[in-house]
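Sharing a sequence plus its predicted fold:
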Amino acid sequence: MPEWLNILIRSVVSLAYLLFLTRLIGKRQLSQMTFFEYTVGITIGSIAAVIATDLDGPIIYGLLAMTIYGLVPILLAWLALKSKWLRDLIGGRSTVLIKNGKIMEDNLRKERMSVEELMQHLRMKNAFQAADVEFAVLEANGSVSALLKSDNQPITPKHMGQQVAPVKEPQTVILDGEIMDEPLATIGFNRQWLKTELEKTGVALENVFLGQVDGNGQLYVDLYDDKIQVPQPQILKQVHAVLKKCQADLELYALAAQDQTVKQTFERDAKRMQEMIEQLTPLMTR
C-alpha cells in the first residue's frame, strides 16, 4: 500500500474515532472543562496525530490508548457524583476573591492572580470597582463569578413589585428564504398564516433571510437587503391602545349619564376594564 494512502486511511480513522470519543465524553465547552479534562483532551489529540503519522506501529494500539484516555474521565465523572472528595481532587475547589467589597489578597496570591487580572474579570461582569462587588469567587474552571451589592444591581420588575408575563421561546419559521414547517407547526400556525403576515409587511418570501415568531405570535423578519426598512409588528400595542380608549370612553359615558343607574353601570364597567388592562399590560407592552 502506498504511504500516502496509508496516512490518509489512518488520519480518517483516527479523526472519526476522536470525534466519537469527544461526543462520548460530553459537550462541555472549553471554558467549562476542568484542568484534568483539558489535559486528557490534549493527550487524546496528540495520540490521534501519532496514529496518522506512525506508519510502523499497528493502528489498534493507538486506538486502544485513545479509548483508555477517553473512558477514564467518564469513569471518574461517575465516581465524582458520589464523592465530594473526588470532585474536589479532580475539578478543584472554588476560591473566594472578594468578600463584602474587600479583596482577599492571600487567596489572590494562592491562585497566582494579579489585581489587574481580577479587575479584568470584574469588568467583564460590568463591575468596574471592587467596592461595588459583594462577593466574587474563582470557579474551578478558571472563570470568575461576581455578585454586585444590592444597591449596585440593576432594577428589575420584581424590585418594583410588577408582574411580568413569562417569555416563550421564539421560533425560526423562515431561513434563507425557505419556510420551516416544523417550528411553524410547533406554535400552531401554518404556511397560509405566514404568507398573510408577509403580505401585510409587503415582503416577498424569497427576500427574507430570517423570520421569527415571538411568544405573542408576532412575526419579525430580517431581509437580505439591509437598506430596506421593515415595519415592526404593532398589533399588541394597538390592542392595548384600543382597550385604554374603551376604558376612557366608559368613564366619559359615566360622567355624562343623567340616570343614576346608568351612571353606576358605566362606572362599574370602566373599573372592570381598568383592572383587565392592568392585568394584560405586561403582555401587550413588552
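Yes, it's here. Because the structure is predicted, anything quoted here is derived from the model rather than measured.

And residue 144, its phi and psi?
In terms of degrees, to the nearest 10, the main-chain angles of residue 144 are phi -110, psi 130.

pretty sure it is touching residue 121, no?
Yes. At 3.7 Å, residue 144 and residue 121 qualify as touching, with contact defined as Cβ atoms under 8 Å. Using the backbone N, CA and C atoms, a C-beta is placed for each residue, glycine as well.

Looking at these two, which is more packed in?
Using other Cβ atoms under 10 Å, the more surrounded residue of residue 144 and residue 121 is residue 144, with 22 against 18.

what sits against the more buried one?
97, 118, 121, 122, 124, 125, 136, 137, 138 (Cβ atoms under 8 Å, 6 or more residues apart in numbering).

would JSON lines of these with pLDDT and distance to residue 82 be doable?
Putting the contacts of residue 144 into JSON lines (pLDDT from 0 to 100; distance: Cβ to Cβ, whole Å) gives the following:
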{"residue": "97", "pLDDT": "92", "distance to residue 82": "30"}
{"residue": "118", "pLDDT": "91", "distance to residue 82": "34"}
{"residue": "121", "pLDDT": "90", "distance to residue 82": "32"}
{"residue": "122", "pLDDT": "91", "distance to residue 82": "35"}
{"residue": "124", "pLDDT": "89", "distance to residue 82": "35"}
{"residue": "125", "pLDDT": "87", "distance to residue 82": "33"}
{"residue": "136", "pLDDT": "92", "distance to residue 82": "30"}
{"residue": "137", "pLDDT": "92", "distance to residue 82": "25"}
{"residue": "138", "pLDDT": "90", "distance to residue 82": "26"}
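
Tabulate the residues you listed in a markdown table, adding columns for secondary structure.
Shown next, in a markdown table, are these (DSSP: H, G, I helix; E, B strand; the rest coil):
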| residue | secondary structure |
| --- | --- |
| 97 | strand |
| 118 | helix |
| 121 | helix |
| 122 | helix |
| 124 | helix |
| 125 | coil |
| 136 | strand |
| 137 | strand |
| 138 | strand |
